[in-house]
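Asks: build the 3D model from these lines:
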Amino acid sequence: MSDHITLVGNIVGDLEQRSTRGGGTVAAFRLAVGERRLDRERGEWVDGHTSFYAVSVFGELGAHALRSFQKGERIILNGRLRLREWETESKRGVSADVTAEAIGHDLRWGISRFERTPRPESSNAPAGPAVVAAASAGRTAAAAESDADGWALPGGESPEAATRDETESGAAADSSAEPVDVPF
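Replies: The predicted structure follows:
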């Protein structure tokens, strides 16, 4: 059985680096997902049942997980769940395995800082549509690449483009405005 699942829990042990047969990176760890509820009669929080999941994170996402997470940290994870039955001479059970597709820190309990990894540059790589359009308009490829990153901001426009448009239109800049720290 394989279903999509979202989990929020704590990393139980140290992350283990493994490799696929083809040499790809795999991060492996266990995740504890527990329920906590308020007992209104006693007026205190009580722990409910805790489920444990074996998590595998493949490829570049796995390499990033190895550099980003440590034992005890609370994370949120989206992935594919697979229940696997097992049996030994004395026991039988079911193991819950999750292959992570997206993973990050749970920011309810702390802060995290995003660090973009550099993209490998290849001189043989085909130019993207933004670069081709820029070349035909007489702009540099670097300017086109920075404009292409506008997807991350509401309205799809980068702060530089907004400032450039205001300056060109003659609109006065608000000198009392605080600088904006854009994530990513």
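Asks: could you use CA atoms for every contact and neighbour count after this?
Replies: OK.
Asks: do a quick rundown of the helices in this structure.
Replies: Ranges of helices within the chain are 59-68, 129-137, 141-148, 159-169, based on DSSP state H.
Asks: wait, residue 100 sits on residue 78?
Replies: Yes: using C-alpha atoms under 8 Å, residue 100 and residue 78 qualify as a contacting pair, with a distance of 5.8 Å.
Asks: ok, those two, which is more surrounded?
Replies: Neighbours were tallied for residue 100 and for residue 78 using other C-alpha atoms under 10 Å; the higher tally belongs to residue 100 (21 against 17).
Asks: which residues does the more buried one form beta bridges with?
Replies: With DSSP bridges as the criterion, the beta-bridge partners of residue 100 are residue 79.
Asks: ok, it to residue 7 distance?
Replies: Counting by C-alpha to C-alpha, to the nearest Å, the gap from residue 100 to residue 7 is 10 Å.
Asks: residue 74 now?
Replies: From residue 74 over to residue 7 (counting by C-alpha to C-alpha), the distance is 10 Å.
Asks: okay, those two: which has more neighbours?
Replies: Relative neighbour count places residue 74 above the other of residue 74 and residue 7, with 23 against 16, counting by other C-alpha under 10 Å.
Asks: skipping adjacent residues, who's closest to that one in space?
Replies: Counting by C-alpha to C-alpha, 6 or more residues apart in numbering, residue 10 is the residue found nearest to residue 74 once chain neighbours are left out, at 4.4 Å.
Asks: where does the chain have low pLDDT?
Replies: Residues of the chain that meet the criterion pLDDT under 70 lie in 1-2, 122-184.
Asks: which residues of it fall in strands?
Replies: 2-11, 16-19, 25-39, 44-58, 74-87, 92-105 (DSSP state E).
Asks: which other helices and strands contact the fifth one?
Replies: What that stands for is strand 74-87. Under the contact criterion of 3 or more C-alpha pairs under 8 Å, 6 or more residues apart in numbering; DSSP states H and E, the helices and strands touching strand 74-87 comprise strand 2-11, strand 92-105.
Asks: again, but for the third one
Replies: Applying 3+ C-alpha pairs under 8 Å, 6+ apart, we find strand 25-39 packed against strand 2-11, strand 16-19, strand 44-58, helix 59-68.
Asks: to residue 89, which of those lies closest?
Replies: Across the helices and strands packed on strand 25-39, residue 89 has its closest neighbour in strand 44-58 (22.2 Å, C-alpha to C-alpha).
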